[in-house]
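J.: this one's structure only:
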């Protein structure tokens, strides 16, 4: 802004760097400059007719106490000054120039906004005044001078009244639902502490800088976080989602509409938004910026305004509304509820948007899980001509990892960039890297401890274990080549390991996970089971939803606590307990991974669970030959060659489970290492003492006959 010049021949030039072909913006921005200049001339007159010593000199900031009287007491004098003073009359003549006639205007321009919102002159001027302060921040001292407040450097409604010829015209702007505010073009800022006033007239008026760029800059200027979605691929769309699209097409854009896209983290929210928007005839922006910024209502409101200006919907893939994670930034209300724009938001649970106004929410659109065929096709697309060489592996990976198309293509690009052809381990590692489990404290990852150890079982149980390994390895072929996937809902396998404590149930689960190259998670029943009604089901849903994305082993130790028998309901607690079991039955039916239930109370399990279990292994106390193998395997290899341990005697005399044997060996090693720290030798007497302690621990007596020739040694050492 320039304020020099006092005669009619001095031109007033505003910067021409505005959106091309928008003369209305130039007109009203020029009006803002002219009115500010005219007000400055009046302020010099208020000082007794003084004139500035320098062309750009501003008068000192005046006293605000008389401001409320100026509009009424000096209105007539001010009008006369504007007509008689040489500088003021020149500016007044310039202000009488009518707005230009506009033909076709570019969408999102200043002229388009004025025409679309049918803004009256004072509203168009107010928007231009706000834009001027953003476009040319050097005018801040001028605004402060006109407002007679050095701290007020942004326009206010009070300034609009002072600058406009008829102050009462500005009263329309006090309406909070005025289109300038309801569309987010103008925003009222809070008054800073210590700043005078406190009414709506004193609140600074700002135009968000991103909105100002869209209104003024030549070309399509949008926030960096927004990207147009140009994917023309058509995905799977349910009938209900298609009806939502038709509803969006048929209903006028009169207010905000939120389409919640319901699906887990790795679901195809983006593709579903594209498909629904295509049916609705709407183009989309996709927000790819920092998710934390969306928790700022002002920033989200700006994105919504830009979306309205450009005539596009807005897809937000970040799960901004997440009720299950209180630490995640989330909005309690939606800004600009009257904004005629459609938001497509990804949600993981119906509760995530329960706090929003039901008037802006459309019915939930279920995001369909990509089918096995769609996943396999995406893998083939990702590998192109090289896919034929990976065909068997691609089939297996497509079953094990149920990712959306975009994730599959990303992993495929990573694998193709490897210096050597990708191996099965490369595929699994790359897919695992994309896995983000949202299970919190409900389960604990288990690193298999017995990867290199042999599972020692009786012949029947050993054969059953190998059958389970073979079944998981053949699941892809049977489901998708033989056609059992539809009947069994692409389900995985559920195994039951039953038997006394220490018989190898946990060890078997860890060895199975290692051989199948599956991650293993132990379910923490203390976190899953909740005394409050409905909370157990919510925890189970969260657990199974997270596990559905990828093959894994879920190990339910002490499963009888969760999978117990349903009982005849005699009160409300019994009914809710039965509901928990029924829900668990239903989710187990749909689980696509490997679930292992461990229990030493098989008879307490509900019969409905037993029907759904594919394999049952009854772990028993090992026979003598198996105990001998367990003894040999439990003794550390580093000390076995130097130790004189009578393994046949131990296996014959002490009918113990594998867990007890491993505990005995560990305790004996501790005592032997303490007695002879410089020798790696396990002593027989330490083993027998450890046997005696283990028997005492489980409340079993140990006779002298069992100790045989070592009875005297043990008696002396007790």
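T.: Sure, I can see it. Note that the structure is predicted; figures quoted are calculated from it, not measured.

J.: where does residue 435 fall, secondary structure wise?
T.: Using DSSP states H and E, residue 435 maps to neither a helix nor a strand.

J.: could you double-check that residue 601 lies in contact with residue 560?
T.: Yes: contact criterion Cβ atoms under 8 Å: residue 601 and residue 560 qualify, at 4.5 Å. Quick note: C-beta positions are derived from backbone N, CA and C, even for glycine.

J.: and these two? Which one has more around it.
T.: Neighbours of residue 601 and residue 560, each counted by other Cβ atoms under 10 Å, are more numerous for residue 560; the result is 20 against 12.

J.: surely the more buried one and residue 606 touch.
T.: No: taking contacts as Cβ under 8 Å, residue 560 lies outside contact range of residue 606: 9.4 Å.

J.: residue 594 contacts residue 518, doesn't it?
T.: Yes: in this structure residue 594 lies within contact range of residue 518 using Cβ under 8 Å: 6.4 Å.

J.: quick one, what contacts the residue nearest the centre of the chain?
T.: Centroid-nearest residue in the chain: residue 319, 3.4 Å away (criterion: Cα atoms, centre = their mean). Applying Cβ atoms under 8 Å, 6 or more residues apart in numbering, one finds that residue 319 lies in contact with 265, 328, 346-348, 352.

J.: do the same with residue 519
T.: Taking Cβ under 8 Å, 6+ apart as the test, what residue 519 contacts is 432, 445, 513, 552-553.

J.: what's the closest of the residues you listed to residue 701?
T.: Nearest to residue 701 among those, counting by Cβ to Cβ, is residue 513 at 38.3 Å.

J.: please name the nearest non-neighbouring residue to the closest one.
T.: Using Cβ to Cβ, 6 or more residues apart in numbering and skipping the chain neighbours, the partner closest in space to residue 513 is residue 520 (3.9 Å).

J.: contacting residues around that neighbour?
T.: 445-446, 448, 509-510, 513, 552-553, 555.

J.: with those in mind, which one is nearest to residue 712?
T.: Taking Cβ to Cβ as the measure, residue 712 lies nearest residue 510 of those, at 40.5 Å.

J.: circling back: and the gap between the residue nearest to the centre of the chain and residue 265?
T.: Going from residue 319 to residue 265 by Cβ to Cβ, to the nearest Å gives 7 Å.

J.: give the residues shared as contacts by those two.
T.: Shared contacts of residue 319 and residue 265 (Cβ under 8 Å, 6+ apart): residue 348.

J.: now stretch 89-108, how far from the centre of its chain.
T.: Averaged C-alpha coordinates place stretch 89-108 at 48 Å from its chain's average position (Cα atoms, centre = their mean, to the nearest Å).

J.: follow-up on the earlier one: PyMOL command to pick out the buried ones of the contacts of residue 520?
T.: In PyMOL syntax, the buried subset of those is picked out as below (16 or more other Cβ atoms under 10 Å):
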select buried, resi 446+448+509+510+513+552+553+555
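
J.: tabulate the contacts of residue 520 (JSON lines), appending secondary structure and distance to residue 498.
T.: Shown next, in JSON lines, are the contacts of residue 520 (DSSP: H, G, I helix; E, B strand; the rest coil; distance: Cβ to Cβ, whole Å):
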{"residue": "445", "secondary structure": "strand", "distance to residue 498": "25"}
{"residue": "446", "secondary structure": "strand", "distance to residue 498": "20"}
{"residue": "448", "secondary structure": "coil", "distance to residue 498": "21"}
{"residue": "509", "secondary structure": "helix", "distance to residue 498": "13"}
{"residue": "510", "secondary structure": "helix", "distance to residue 498": "17"}
{"residue": "513", "secondary structure": "helix", "distance to residue 498": "19"}
{"residue": "552", "secondary structure": "coil", "distance to residue 498": "22"}
{"residue": "553", "secondary structure": "strand", "distance to residue 498": "17"}
{"residue": "555", "secondary structure": "strand", "distance to residue 498": "14"}
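
J.: closest to residue 535 among the contacts of residue 520?
T.: Using Cβ to Cβ, the contacts of residue 520 come closest to residue 535 at residue 555, 22.0 Å.

J.: now do the contacts for the closest one.
T.: By Cβ under 8 Å, 6+ apart, the contact list for residue 555 reads 446, 506, 509, 520-523, 596, 598.

J.: skip ahead from the helix or strand of the chain with the lowest mean pLDDT and say which helix or strand is next.
T.: Scoring the helices and strands of the chain by mean pLDDT, DSSP states H and E places helix 67-73 at the bottom, with a mean of 54. The helix or strand immediately downstream of helix 67-73 is helix 75-84, counting by DSSP H and E.

J.: for that next one, give the mean pLDDT please.
T.: In this model, helix 75-84 carries a mean pLDDT of 86.

J.: again, but for stretch 283-299
T.: The average pLDDT within stretch 283-299 is 87.

J.: now swap in stretch 504-520 and tell me
T.: For stretch 504-520, mean pLDDT is 89.

J.: for that stretch, buried residues please.
T.: 504-516, 518-520.

J.: restricted to helices, list those.
T.: Counting by DSSP state H, the part of these found in helices is 505-516.

J.: list the buried residues of the lengthiest helix in the chain.
T.: Criterion DSSP H: the longest helix present in the chain is helix 23-46. Neighbour counts over helix 23-46 (16+ other Cβ under 10 Å) mark 23-46 as buried.

J.: for it, what is the distance to the chain centroid?
T.: The chain centre lies 48 Å from the centre of helix 23-46; the measure is Cα atoms, centre = their mean.

J.: counting contacts, what elements does that helix pack onto?
T.: Helix 23-46 sits against helix 75-84, helix 86-95, helix 110-116, helix 121-135, helix 140-147, helix 157-163, with contacts defined as 3 or more Cβ pairs under 8 Å, 6 or more residues apart in numbering; DSSP states H and E.

J.: mind giving me a markdown table with these and columns for distance to residue 634 and mean neighbour count?
T.: Output for the helices and strands packed on helix 23-46, formatted as a markdown table (distance: least, Cβ to Cβ, whole Å; neighbours: other Cβ atoms under 10 Å):
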| stretch | distance to residue 634 | mean neighbour count |
| --- | --- | --- |
| helix 75-84 | 101 | 14 |
| helix 86-95 | 98 | 18 |
| helix 110-116 | 80 | 22 |
| helix 121-135 | 76 | 23 |
| helix 140-147 | 81 | 20 |
| helix 157-163 | 84 | 22 |
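
J.: can you put the ones you listed in TSV and add distance to residue 201?
T.: Shown next, in TSV, are the helices and strands packed on helix 23-46 (distance: least, Cβ to Cβ, whole Å):
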stretch	distance to residue 201
helix 75-84	17
helix 86-95	23
helix 110-116	23
helix 121-135	13
helix 140-147	11
helix 157-163	5
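
J.: avg pLDDT for stretch 388-403?
T.: 91.

J.: contacts for that stretch, please.
T.: Counting by Cβ under 8 Å, 6+ apart, 266, 369-370, 372, 375-376, 379-380, 383, 387, 411, 421-422, 424, 427-428, 431, 434-435, 475-476, 479-480, 490, 548-551, 592 sit against stretch 388-403.
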